[in-house]
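Undergrad: give me a 3D structure for the following:
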Amino acid sequence: MLAGSGGLWHQSGMTTHPDRLPALRAQLSATNLDGFIVPLTDEHMSEYVGGYAQRLAWLTGFEGSAGSAAVLMQRAAIFTDGRYTIQVREQVSGTDWDFVGVPEHSVAGWLADHAPQGARIGYDPWLHTRASIVDLHAALGRVDITLVAVDANPIDAIWHDRPAPSAAELTVQPDTLAGVSSAAKRAEVADWLARERADALVVPALESIAWLFNVRGRDVARTPVALSYAIVHADGTADLFVAPDKVGAAVREHLGNAVRLCDRHAFADALRGFAGRTVAIDPSLAVAAIFDGVEAGGGTTIARRDPTIVAKACKNPVEIAGHRAASLRDGAAVTRFLCWIADAGPRGGQTELSAAAQLLALREEGGMLRDLSFDTISATGPNGALPHYHVTGESNRAIEPGQLYLIDSGGQYDDGTTDLTRVVPIGAPTPEMRDRYTRVLQGHIALATAVFPHGTTGGQLDALARGPLWQAGLDYAHGTGHGVGSFLSVHEGPARIAKPSYPGGGPSEPLRAGMILSNEPAYYKAGAFGIRIENLLLVVARAVPEGEAEMLAFETLTLAPLDRNLIDAALLTERETAWVDDYHAWVQGALSPLLPDHDRAWLATRCAPLAG
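TA: Take a look at the predicted model:
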């Protein structure tokens, strides 16, 4: 999946409902507010949110998964970064909304410019971090605008058909797949609390809760998490706040007596029960209301990074073995698909939707697919040049000769989460297509073969993947890699491979052994085609003969052939040619036993040495 993409574009035209903005303004007036801020997140600061929390989409029609809005009585604005410049204008009415780019501009700056003096601007403290609220207070206070925390979100009062939160039950992620028991993980947190001299840790992030308690859910599309909160205490016991109907007998037995089950609605009151005690909270993951609740009850809060974040990202040997198994079966399904599209594409009659359906069917044939890891990006011709494109009935294009077809997809399996991108020429590719594909491949190889010392960040490695494109005066406007979870989110922090200024922002995380990240350089020619080559990489220790520093490197995990018809071998160095041949030999040897005769024979032709 596209690194740092944040969301997928359903190119479905204008979806703004003109009655909703006036209804919100009426609700604000009734509660003595002059404006309101609408972020795109949930109470857990999630990247992907359930339908019940899609307030920005409901109000504006914007379907991306990164953005925010500010509403005043006479004016409103929607804020998106450069990834969504086209999408937001397609989906949101320019008559009703100002389009404002970030980070060049900010919500605070727009409100300071347009809100009347003395205005009262509301915000939901369950949808903003404390730091963001502190910054807003400081910026707006200078121009005599008051920021007001609301007890109830005014959008919920007018969203009469708002979906209910999912009622799906939790499932157990057994130790045979998790590799480490929940009790052992909680003991590590308890040791960390002792070192930090804190009495408890609040864990609001859904992926962290799933990992910490070795449970999974179905409350967010494509991400196996359950709506919940957790508080871990210094003695290793924990309180898990989740709807009672979501916890069956198997999960209760799995959690044991050391985990107290509480209703999710009881979480806010529980925060007030730490009088005289110290509670650690991650300010990047916890909303302002969590800090406010602990402090209102007489507790002391300390801002600390959630210790589960790095632990979750550094996969243990069992998780790594699981990912290898998932990659193998997923690679077989993708290879069968590539064989199919190589034959069916040029013959005609296929579309972006039919191709995506075919790949899903092949994945499902294995009998172990739990879900897709994200909505498949199936894009042909000019649609492939839209990095956030997602096919709909309205945007669906026929796959025709002369085009490049791009497929970016992944699966959720009990033992791993996959994500890969391949590009297929429909008929004979042009010299330009081959040149661009080969440069993207060279960047992919440069990153895949990197050797680097401990402490190196993904931001420091990002330029390796761009070098061959830069030499031709080309680039791509997104990150090169994102972390991937273990039967969890396909976008997992804290590590990424990207320019620090790109969406996702903030300091780049040092890479550590056991982390899994994507490697996906790209090239896009507007109105013509898109190219992206994506494999997943495992960070591993690497001994360098006669070297003095402890080094790390990458091991490629993804198995699926590259398209030899798109590779201009004359551009490759001997080292790059050897990498392609070695990769294809590995793919052929690993996947051939899993394929039907026809697909096995096709794979052999695609994995033949480049010099052959």
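Undergrad: quick check: which ranges of the stretch 451-600 of the chain have low pLDDT?
TA: 501-507 (pLDDT under 70).
Undergrad: quick one, helices of it?
TA: 458-470, 574-591, 597-606 (DSSP state H, counting those that start in this stretch).
Undergrad: surely residue 289 meets residue 123?
TA: No: shown here, residue 289 and residue 123 do not form a contact pair, counting by Cβ atoms under 8 Å, at 10.6 Å. The C-beta positions use only the backbone N, C-alpha and C, and glycine is treated the same way.
Undergrad: where do the strands of the stretch 301-450 of the chain begin and end?
TA: Assigned by DSSP state E, counting those that start in this stretch, the strands in the stretch 301-450 of the chain fall at 369-372, 377-380, 389-390, 403-409, 411-413, 416-417, 420-426.
Undergrad: looking at the last one now, give me its mean pLDDT.
TA: Same thing as strand 420-426. If you average the pLDDT over strand 420-426, you get 98.
Undergrad: for it, name the packing helices and strands.
TA: When contacts are defined as 3 or more Cβ pairs under 8 Å, 6 or more residues apart in numbering; DSSP states H and E, strand 420-426 packs onto helix 317-347, strand 403-409, strand 529-532.
Undergrad: check the second one too.
TA: Packed against strand 377-380 by the contact rule (3+ Cβ pairs under 8 Å, 6+ apart) you find helix 352-365, strand 389-390, strand 403-409.
Undergrad: what is the orientation angle of the longest one with strand 420-426?
TA: Counting by axes from the mean of the first three to the mean of the last three Cα atoms, to 10 degrees, helix 352-365 points 130 degrees away from the direction of strand 420-426.
Undergrad: and the angle for helix 352-365 with helix 597-606?
TA: Helix 352-365 runs at 110 degrees relative to helix 597-606, counting by the same axes, to 10 degrees.
Undergrad: just use 51 as the starting number from now, easier for me
TA: Will do, 51 is the new start, and the previous item becomes helix 402-415.
Undergrad: what packs against helix 402-415?
TA: With contacts taken as 3+ Cβ pairs under 8 Å, 6+ apart, helix 402-415 sits against helix 367-397, strand 419-422, strand 427-430, strand 453-459.
Undergrad: can you list the strands that the second one pairs with?
TA: The reference is to strand 419-422. In its sheet, strand 419-422 lies beside strand 461-463 (antiparallel), with partners assigned from DSSP bridges.
Undergrad: contacting residues around the partner strand?
TA: Under the criterion Cβ atoms under 8 Å, 6 or more residues apart in numbering, residues 272, 274, 376, 379-380, 383, 413, 418-423, 467-468, 537 lie in contact with strand 461-463.
Undergrad: flag every buried residue along that strand.
TA: 461-463 (16 or more other Cβ atoms under 10 Å).
Undergrad: helix or strand right after the lowest-mean-pLDDT helix or strand in the chain?
TA: Between all helices and strands in the chain, the lowest mean by mean pLDDT, DSSP states H and E belongs to strand 59-60, at a mean of 41. The C-terminal neighbour of strand 59-60 among helices and strands, as given by DSSP states H and E, is helix 70-80.
Undergrad: now that next one: buried residues?
TA: Within helix 70-80, the residues that count as buried by 16+ other Cβ under 10 Å are 70-71, 73-75, 77-78.
Undergrad: start to end distance for stretch 190-202?
TA: End-to-end distance of stretch 190-202 (Cα to Cα, to the nearest Å): 22 Å.
Undergrad: quick one: mean pLDDT for it?
TA: Here the average pLDDT along stretch 190-202 is 94.
Undergrad: which parts of it are buried?
TA: Within stretch 190-202, the residues scored as buried using 16+ other Cβ under 10 Å are 190, 195, 197.
Undergrad: returning to that earlier point: nearest to residue 580, out of the helices of the stretch 501-650 of the chain?
TA: The closest of the helices of the stretch 501-650 of the chain to residue 580 is helix 508-520. By Cβ to Cβ, the value is 13.5 Å.
Undergrad: send over the closest one as CSV, restricted to the C-alpha atoms.
TA: What follows is helix 508-520 as a C-alpha-only set of coordinates in CSV (Å, rounded to 0.1, in the frame of the first residue of the first chain):
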residue,chain,number,x,y,z
GLY,A,508,14.2,5.6,7.6
GLY,A,509,14.4,9.2,6.7
GLN,A,510,18.2,8.8,6.1
LEU,A,511,17.6,5.8,3.8
ASP,A,512,14.7,7.4,1.8
ALA,A,513,17.1,9.0,-0.8
LEU,A,514,18.5,5.6,-1.8
ALA,A,515,15.2,4.8,-3.4
ARG,A,516,14.9,8.1,-5.2
GLY,A,517,18.4,8.4,-6.6
PRO,A,518,17.8,6.7,-10.0
LEU,A,519,14.7,8.9,-10.5
TRP,A,520,16.5,12.0,-9.4
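Undergrad: give me the contacts around it.
TA: 489-490, 492-494, 496-497, 500, 502, 525-526, 529-531, 545-550, 558-559, 561, 567, 569, 571, 573.
Undergrad: so where's the chain uncertain?
TA: In the chain, residues with pLDDT under 70: 51-66, 551-557, 662.
Undergrad: ok, 50 please
TA: Residue ranges of the chain with pLDDT under 50: 54-64.
Undergrad: just give the nearest non-adjacent residue to residue 562, would you?
TA: residue 364 (5.3 Å; Cβ to Cβ, 6 or more residues apart in numbering).
Undergrad: tally of neighbours for that neighbour?
TA: Other residues near residue 364 come to 15 when the count uses other Cβ atoms under 10 Å.
Undergrad: how near is it to residue 182?
TA: 29 Å (Cβ to Cβ, to the nearest Å).
Undergrad: nearest residue to the middle of the chain?
TA: residue 541 (2.9 Å; Cα atoms, centre = their mean).
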